[in-house]
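> following is a predicted model, sequence given first.
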Amino acid sequence: MKYASTWGAIADHSGDAYFDYVYWCDWPNTLNQLAKYRAKKFTPGRYDVRKLQRGADRGLDDGRVKRFLSAIWKKPKLSAAQGHALMNLCMAATYDPDPKAPNGFRLPFNLETGEVIPARWKTWQQHDPINLVDRYRKNLRSLRGIYLDCGSRDQYQIHYGMRILSKRLQAAGIAHLYEEFDDDHSDVDYRMAVSLPFLTRALR
């Protein structure tokens, strides 16, 4: 969308869209992984939430993110939960960078309470493809072909985002081909048998 002058046609296989579904639902896992690296280990008893959040209500790391990152670099293999937590932190660094913040980025959820931080989440939503169609309508119309696909059982809920993206492209009058397959997010290279011929025809 942003660099249509570089790309003549595009194929999007299960690309992240509708961040409220794709990322939001996995943040509780991320928060649980990071909680293992709190400065003060959890102990049963009185719990002073306001004291313990220590800037987490502003999307700042209280040290647990840094300790988590330091720990996983030393691991030969990550668990699925650790991998997803790392992915979400990478997204935070991409969608809400802040050189003045610890680690160079802000977090969209309060590390201690799990509450969404509206101002921080808004910066993520500004990068969500479903919210970019109107802004880049002219660029999208200049492309010679747009192919989208997704599995109808995508485990990251991306099929909902792709449906919204297709709907918004239709509303904006942008020609595209959207297909769904009876599949999920994994091992989908076979779909290139559809997308690559589509791109070849579009670019001729």
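Arrived safely, thanks for sending. Residues are numbered from 1 along each chain as shown.
> show me what the top helix by length along the chain is packed against.
When the chain is scanned for its longest helix (criterion: DSSP state H), the result is helix 80-95. Contacts defined by 3 or more CB pairs under 8 Å, 6 or more residues apart in numbering; DSSP states H and E place helix 80-95 against helix 27-35, helix 64-72, helix 118-125. (C-beta placed from N, C-alpha, C; glycine too.)
> other residues contacting that helix?
Helix 80-95 has contacts (CB atoms under 8 Å, 6 or more residues apart in numbering) with 23, 26-27, 29-30, 32-34, 65, 68-69, 72, 75, 78, 103-108, 123-124, 126-127.
> state the pLDDT value of Tyr47.
Turning to Tyr47, the model gives it a pLDDT of 71.
> what of the one 10 residues further on?
Model confidence at Asp57, given as pLDDT, is 84.
> burial measure for it, as a count.
14 (other CB atoms under 10 Å).
> just use 326 as the starting number from now, easier for me
I'll keep to 326 as the first residue from here, and by that count the last item is Asp382.
> residue contacts, it?
Contacts of Asp382 by CB under 8 Å, 6+ apart are 435, 438, 440, 442.
> residues in contact with Asp386?
Contacts of Asp386 by CB under 8 Å, 6+ apart are 380, 426-428, 432, 436.
> please disregard the earlier target; I meant Asp387.
363-364, 378-381, 436-437.
> quick one: least confident helix or strand in the protein?
helix 374-378 (a mean of 72; mean pLDDT, DSSP states H and E).
> flag every buried residue along stretch 356-376.
356, 358-359, 362 (16 or more other CB atoms under 10 Å).
> show me which pair in the contacts of Asp387 is furthest apart.
Based on CB to CB, the longest span within those runs between Arg363 and Gly380 and measures 13.4 Å.
> domain parsing for this structure?
334-343+453-528, 347-450 (automatic domain parsing).
> Met326: which of those is closest?
Closest among the domains of the chain, using CB to CB: domain 334-343+453-528, at 3.9 Å.
> show me where this structure has strands.
334-338, 470-476, 502-506 (DSSP state E).
> about what we covered before: make a ChimeraX selection of the buried ones in the contacts of helix 405-420.
Applied in ChimeraX, the following selects the buried portion of the contacts of helix 405-420 according to 16+ other CB under 10 Å:
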select :348,351,352,355,358,359,390,393,394,397,428,430,431,432,433,448,449
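> tell me the contacts of the residue most central in space within the chain?
Centrality entry for the chain: nearest residue to the mean C-alpha point is Tyr348, 5.2 Å, by CA atoms, centre = their mean. If you count contacts by CB under 8 Å, 6+ apart, Tyr348 has them with 341, 413, 416, 449.
> hmm, back to that, and the domains of the chain as a markdown table, adding distance to Met326?
Below are these laid out as a markdown table (distance: least, CB to CB, whole Å):
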| stretch | distance to Met326 |
| --- | --- |
| domain 334-343+453-528 | 4 |
| domain 347-450 | 15 |
